[in-house]
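[1] Here you go, sequence then predicted model.
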Amino acid sequence: MHVVVVGCGRVGAGLAGEIEAAGHSVAVVDRRSKAFGRLPEDFGGRTVVGVGFDRDRLRAAGVEEAGAVAAVTSGDNSNILVARVARETFGIERVVARIYDPRRAAIYERLGIPTIATVKWTTERVLQRVLPERPTVDWIDPSAKVVLLERTVPAAWAGHPAVDLDADGTARVVSVTRLGVAQVPTSNLLLQDGDAVHMALLGDAVDAFDERLAAPPNGHGH
């Protein structure tokens, strides 16, 4: 698939590199030619200098054969314009726009334009939209405040109650999948080695949860 990325800041450059590494062709559009210096040294995609919502510049980037467009410049208005042109003029279905104002992001989401409202989760959310076949288990809400993760239970946690993974206000077990069957955990459900747990977490609590899951839990299993 061919993907057009508009904006070659840190997010756009990283996104373009990951898309190419996944085996897809990619073109990057930016107003400043020096911005392309952020791209990986071995980047083999197309670079186009110009304003991202300019139809001729998008055509030069191959939008007419593109399967997806990601607008990740530093300007909300520019990104929405790019998204609208890509969808309404060129008929691109997989379109996503980076928006800094969460209130505006919610409005555009209701209008059917997927948006990314914060920097930390931008790359992952965009990759989910433009490369839906890419293996991923994370879900992130439009405000990027809450994430849903799947993690495999390590042997050290076997025999401990699933609710021991909860952390008040930051982490909660949503479900436990065992031998292909999911269940909502009860207070006395004990974890087994290899269980898959789905956790709802605050976005800034992911690293802390992964560290806690990797460490031996307090107490002894049953």
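    Cool, the structure landed.
[2] My guess is residue 76 contacts residue 107. True?
    No - Residue 76 is beyond contact range of residue 107, at 11.1 Å (criterion: C-beta atoms under 8 Å). Every residue, glycine included, has its C-beta placed from N, CA and C.
[3] can you give me how far the lengthiest helix in the chain is from the chain middle?
    Secondary structure of the chain per DSSP state H: the longest helix is helix 10-21. From the chain centre to the centre of helix 10-21 is a distance of 12 Å (C-alpha atoms, centre = their mean, to the nearest Å).
[4] Helices of the protein, start to end?
    Along the chain, counting by DSSP H, helices occupy 10-21, 55-60, 76-84, 102-110, 122-130, 206-214.
[5] Neighbour count: residue 76 and residue 107, which is higher?
    For residue 76 versus residue 107, neighbours defined as other C-beta atoms under 10 Å are more numerous around residue 76 (19 against 14).
[6] Look up the closest residue to the more buried one, ignoring the ones flanking it.
    Once flanking residues are discounted, residue 76 sits nearest to residue 99: 5.1 Å by C-beta to C-beta, 6 or more residues apart in numbering.
[7] And the pLDDT at the one you found?
    Looking at residue 99, its pLDDT reads 81.
[8] mind listing what's buried in the longest helix of the chain?
    For helix 10-21, burial by neighbour count (16 or more other C-beta atoms under 10 Å) applies to 11-20.
[9] could you redo the residues you listed as JSON lines and give each row pLDDT and distance to residue 152?
    Converted to JSON lines, the buried residues of helix 10-21 look like this (pLDDT from 0 to 100; distance: C-beta to C-beta, whole Å):
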{"residue": "11", "pLDDT": "89", "distance to residue 152": "29"}
{"residue": "12", "pLDDT": "94", "distance to residue 152": "32"}
{"residue": "13", "pLDDT": "95", "distance to residue 152": "32"}
{"residue": "14", "pLDDT": "92", "distance to residue 152": "27"}
{"residue": "15", "pLDDT": "93", "distance to residue 152": "27"}
{"residue": "16", "pLDDT": "95", "distance to residue 152": "31"}
{"residue": "17", "pLDDT": "94", "distance to residue 152": "28"}
{"residue": "18", "pLDDT": "91", "distance to residue 152": "24"}
{"residue": "19", "pLDDT": "94", "distance to residue 152": "27"}
{"residue": "20", "pLDDT": "95", "distance to residue 152": "29"}
